[in-house]
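Visitor: Fold the following for me, if possible:
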Amino acid sequence: IIANTGLVTIDVTGRVKAGSSAGNHGVSIGEVGAGKSGVVGKNSGAIFGDPGIFIADNSAAGVTWDVNADLTGMANGLDITETGTGNVTVTVASPARIEGDDDNNGTGIGINLAVASGKLSVTTAAGSKVDGDNQVGIVAKATGAGAAGDQITIINDGSVGETTATDSTGVGALISGAGAGNINISGSGAIKSGATGPSIYAQSNSTGDTTINYNGAITTGLAAVLVTGITGANSDVSVTLGANADITSTGSGIDVTNAGAGTNALTILTDGKITSATGAVTAASSSASNTSLLKVTANDAIDAGTFGIQATQSGTGGADVTTGANGDISGKATGTGISATALSGGVSVKADGDISTSGDGVGGTGILATLSVGSTGNVSVTGSGGIYSGNAGIDAENGGTGSITINRTGEIKTTSGAGVFALGKAAVT
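Guide: Take a look at the predicted model:
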């Protein structure tokens with residue numbers, strides 16, 4: 001369908017099967033001129049094509065599509081691009097399945113969506129499935145400057161990569177334009193990704209916030225949650241994983257960097273278990289001009305290959321790391337159990353979970369808490385968990401004007417190095 005004027009409305013009720021050659025779309029809709037009236041469509045019949053559904057719109061009205069039956073593509077299952085100012089809204093009902101790379105040649109995406117300055121929303125129902133095969137499961141991109149508010153919203157209660165795990169990203173959101181739009185990713189569906197992409201990915205150049213609030217099982221070969229390229233001033237990043245969001249990774253667990261300057265808070269809260277071949281949680285506020293707190297809380301067990309939690313504050317907002325009573329860090333880690341460092345603003349570590357077990361200590365330091373030379377703020381290490389390590393049990397250092405306070409009740413055992421090492425210019429207690 002090529003439309004130059006008017007709203008395009010389409011209801012696909014029967015089965016559609018296009019040819020198997022490249023470019024044979026199952027459904028193809030193009031509004032080629034500027035300022036057209038948008039697309040409203042749905043399919044209750046199965047569609048096969050290359051891609052399954054292709055929509056190119058250029059309007060203020062935008063595109064709405066409801067997937068109510070299986071959608072299979074050899075080069076993307078559902079492919080929608082909005083070059084006007086309109087929004088794109090997609091819903092996937094149960095038990096619909098979207099497959100993006102049926103011929104397995106490495107060029108297919110399950111759901112591929114892009115807007116300019118409009119809003120983009122994707123909702124998958126419990127019982128639905130999205131398989132990217134060799135590529136991405138769901139990707140949502142905003143290329144222009146969006147207004148304040150939620151520019152990209154993904155609610156994934158269906159499964160991604162369950163039938164055929166995506167080799168690349170499971171669910172991804174990207175705001176490449178400036179503006180003030182937010183990214184919100186949530187849901188409870190299981191996500192599986194392969195060795196070349198994370199299960200959940202977010203990147204934004206806007207001044208809006210990035211929020212991930214997920215409560216489904218995550219399996220990955222690269223990273224469970226990867227947030228990078230956050231460059232907007234005063235843009236907060238929040239990652240919350242619920243009790244059902246257990247992570248199983250042959251790579252890393254959670255890796256989040258906020259590079260924005262100003263009041264750029266970074267908060268990570270995990271209530272599920274993390275099993276990773278490398279680091280379990282990496283959190284970094286990388287701008288020297290960042291004035292907001294970096295905070296990490298882990299309330300369930302961490303089984304990591306290299307380190308448990310690494311929190312690095314390059315600005316003046318300080319760093320805070322807490323592990324709950326069930327937040328034990330296993331002795332498999334070859335490096336540090338918990339590392340919290342800051343340029344300034346204070347460092348606090350409260351570990352009520354054990355760091356390893358007696359006779360099976362982490363390879364490096366149990367808890368490392370440091371403030372840089374010339375900093376302001378205090379260093380505090382508290383908690384009731386035991387510490388078992390190859391190097392120092394606790395290494396607390398303050399190169400600035402503040403104090404060091406260590407107040408712990410758990411056992412400390414090391415095979416090499418001090419049980420407690422504290423170095424500061426002011427009071428040490």
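Visitor: Can you tell me who the residue most central in space within the chain pairs with across the strands?
Guide: Centroid check for the chain by Cα atoms, centre = their mean gives residue 225 as the closest residue, at 3.6 Å. On the basis of DSSP bridges, residue 225 is bridged to residue 200, residue 254.
Visitor: ok, now which ones touch it?
Guide: 198-201, 212, 214, 218, 239, 241, 253-256 (Cβ atoms under 8 Å, 6 or more residues apart in numbering). (Glycine included, C-beta is placed from N, CA and C.)
Visitor: ok, now residue 349?
Guide: Here residue 349 is in contact with 320, 321, 322, 338, 340, 367, 369, 380, 381, 382, 383 (criterion: Cβ under 8 Å, 6+ apart).
Visitor: if I look at it, how far off is residue 366?
Guide: According to Cβ to Cβ, to the nearest Å, residue 349 stands 10 Å off from residue 366.
Visitor: Which residues are in contact with each of those two?
Guide: residue 338.
Visitor: Let me know the pLDDT of the residue nearest to the centre of the chain.
Guide: What the model reports for residue 225 is a pLDDT of 98.
Visitor: Please apply the same query to residue 20.
Guide: pLDDT, residue 20: 75.
Visitor: Next: residue 194.
Guide: As predicted, residue 194 sits at a pLDDT of 85.
Visitor: Next, it: phi, psi?
Guide: In terms of degrees, to the nearest 10, the main-chain angles of residue 194 are phi -90, psi -150.
Visitor: and the host helix or strand of residue 65, what other elements does it pack with?
Guide: Residue 65 is part of strand 63-67 when elements are defined by DSSP states H and E. Packing partners of strand 63-67 (3 or more Cβ pairs under 8 Å, 6 or more residues apart in numbering; DSSP states H and E): strand 39-43, strand 53-57, strand 78-82, strand 88-92.
Visitor: Reformat those as CSV; add mean pLDDT and distance to residue 138.
Guide: As requested, the helices and strands packed on strand 63-67 are exported to CSV (pLDDT from 0 to 100; distance: least, Cβ to Cβ, whole Å):
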stretch, mean pLDDT, distance to residue 138
strand 39-43, 95, 18
strand 53-57, 94, 14
strand 78-82, 96, 9
strand 88-92, 98, 9
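Visitor: winner for burial among those strands?
Guide: Greatest average neighbour count among these goes to strand 78-82 (a mean of 25), per mean count of other Cβ atoms under 10 Å.
Visitor: angle of that strand against strand 53-57?
Guide: Strand 78-82 runs at 0 degrees relative to strand 53-57, counting by axes from the mean of the first three to the mean of the last three Cα atoms, to 10 degrees.
Visitor: List the strands paired with strand 78-82, with their directions.
Guide: Here, using DSSP bridges, strand 78-82 pairs with strand 53-57 (parallel), strand 111-115 (parallel).
Visitor: Buried among the contacts of residue 349? Make that a ChimeraX selection.
Guide: Buried subset of those, written as a ChimeraX selection, criterion 16 or more other Cβ atoms under 10 Å:
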select :320,321,322,338,340,367,369,380,381,383
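Visitor: In a markdown table: the strands paired with strand 78-82, plus distance to residue 6.
Guide: Formatted as a markdown table, these follow (distance: least, Cβ to Cβ, whole Å):
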| stretch | distance to residue 6 |
| --- | --- |
| strand 53-57 | 12 |
| strand 111-115 | 21 |
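Visitor: which stretch among those comes nearest residue 185?
Guide: For residue 185, the closest of those is strand 111-115, at 13.6 Å, according to Cβ to Cβ.
Visitor: List of residues touching the helix or strand just after that closest one?
Guide: Per DSSP H and E, the first helix or strand lying C-terminal to strand 111-115 is strand 120-124. Strand 120-124 is contacted from outside by 87-92, 111, 113-114, 130, 138, 140-142, 151-158, 160, 187, 189, using Cβ under 8 Å, 6+ apart.
Visitor: Show me how far strand 120-124 is from its chain's centre.
Guide: Counting by Cα atoms, centre = their mean, to the nearest Å, strand 120-124 is centred 16 Å from the centre of its parent chain.
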